[in-house]
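> no sequence on this one, just coordinates:
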């Protein structure tokens, strides 16, 4: 299995089960959001019946948190004409919504998948078919968001390799990592961010754990 490593640095928003009036963000990138970025880079659209569309749903992902950032919010006017509230009454034509986002957050996203699919994706990360955004069109990806691709390396080994080449990790002995968990005894968070079909999403059981980077004797 091959693994892509991406870096997200800057303003970003990773919505999950948000409501109309409140668009929240998780404190780390979502699988559905990252898959959306990769599909956009490759120019793969659902309406085109591209056979690659469903193959992206098979990707797995972990997130290395370098900087948590700060959750902030702003306002946006959203169109609601033709939409109903819980009482069955039509909503007014426009409504002010609260939208949350992260500032000063930095993540390394580790995406693992079938070798052939990763090989298809990699060239498009340098020359994407579309502009790429971190949750909103006003939040473009950083110019250096594609870091590297690895073959048959564990998450722990990839982290150690990154710590040797990435300045952001070179001064950290440990980092917090968000990854999927199959252990029923571990405290976990259920996130509905695994794309299934027709804009439906399935659950992922996630846990946050500290992992050593291999960096030693870090001085303040």
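Cool, got the structure. For clarity, every value in this text was computed on a predicted model and none was experimentally measured.
> low-scoring pLDDT stretches of this protein, where are they?
Along the chain, the model assigns pLDDT under 70 to residues 17-20, 78-86, 88-94, 184-187, 217-220.
> center of it, which residue is that?
For the chain, the residue whose C-alpha lies nearest the mean C-alpha position (C-alpha atoms, centre = their mean) is residue 29; its distance is 3.0 Å.
> Just to be sure, that residue is in a helix?
No - applying DSSP: H, G, I helix; E, B strand; the rest coil, one finds residue 29 to be coil, outside a helix.
> let's number from 267 now, not from 1
Understood, numbering begins at 267; the last thing we discussed is residue 295.
> which residues touch stretch 459-468?
282, 296-299, 301, 320, 322-323, 458, 469-470 (C-beta atoms under 8 Å, 6 or more residues apart in numbering). (Glycine included, C-beta is placed from N, CA and C.)
> My error: substitute stretch 441-451 in the last question.
With C-beta under 8 Å, 6+ apart as the test, stretch 441-451 has contacts from 294, 326, 328-332, 421, 425, 435, 454, 470-477, 479.
> List the ones among these that fall in strands.
Using DSSP state E, the members of the contacts of stretch 441-451 that fall in strands are 326, 328-332, 470-477.
> Neighbour-wise, which one of those residues leads?
residue 330 (28 neighbours; other C-beta atoms under 10 Å).
> what about residue 391, which helix or strand?
Element membership for residue 391 (DSSP states H and E) is helix 381-392.
> Which element is encountered next along the chain beyond that helix?
As the chain continues past helix 381-392, the following element, by DSSP H and E, is strand 412-417.
> Which strands border that next one, and is each parallel or antiparallel?
For strand 412-417, the paired strands and their directions (DSSP bridges) are strand 268-278 (antiparallel).
> quick one: the strand it pairs with to chain centroid distance?
Remark: strand 268-278 is offset 8 Å from the chain centroid, using C-alpha atoms, centre = their mean, to the nearest Å.
> Now that strand: buried residues?
When neighbours are counted by 16 or more other C-beta atoms under 10 Å, the buried residues of strand 268-278 are found to be 268-278.
> List the contacts of the next helix or strand after that strand.
Using DSSP H and E, the next helix or strand after strand 268-278 towards the C-terminus is strand 288-289. Under the contact criterion C-beta under 8 Å, 6+ apart, strand 288-289 has outside partners 279, 281, 342, 363-366.
> what about the longest strand in this structure?
As far as residue count goes, and with DSSP E defining each element, the longest strand of the chain is strand 360-379.
> what comes up buried for that one?
Within strand 360-379, the residues scored as buried using 16+ other C-beta under 10 Å are 363, 365-368, 371-379.
> again, but for stretch 437-452
Neighbour counts over stretch 437-452 (16+ other C-beta under 10 Å) mark 438, 441, 443-445, 447 as buried.
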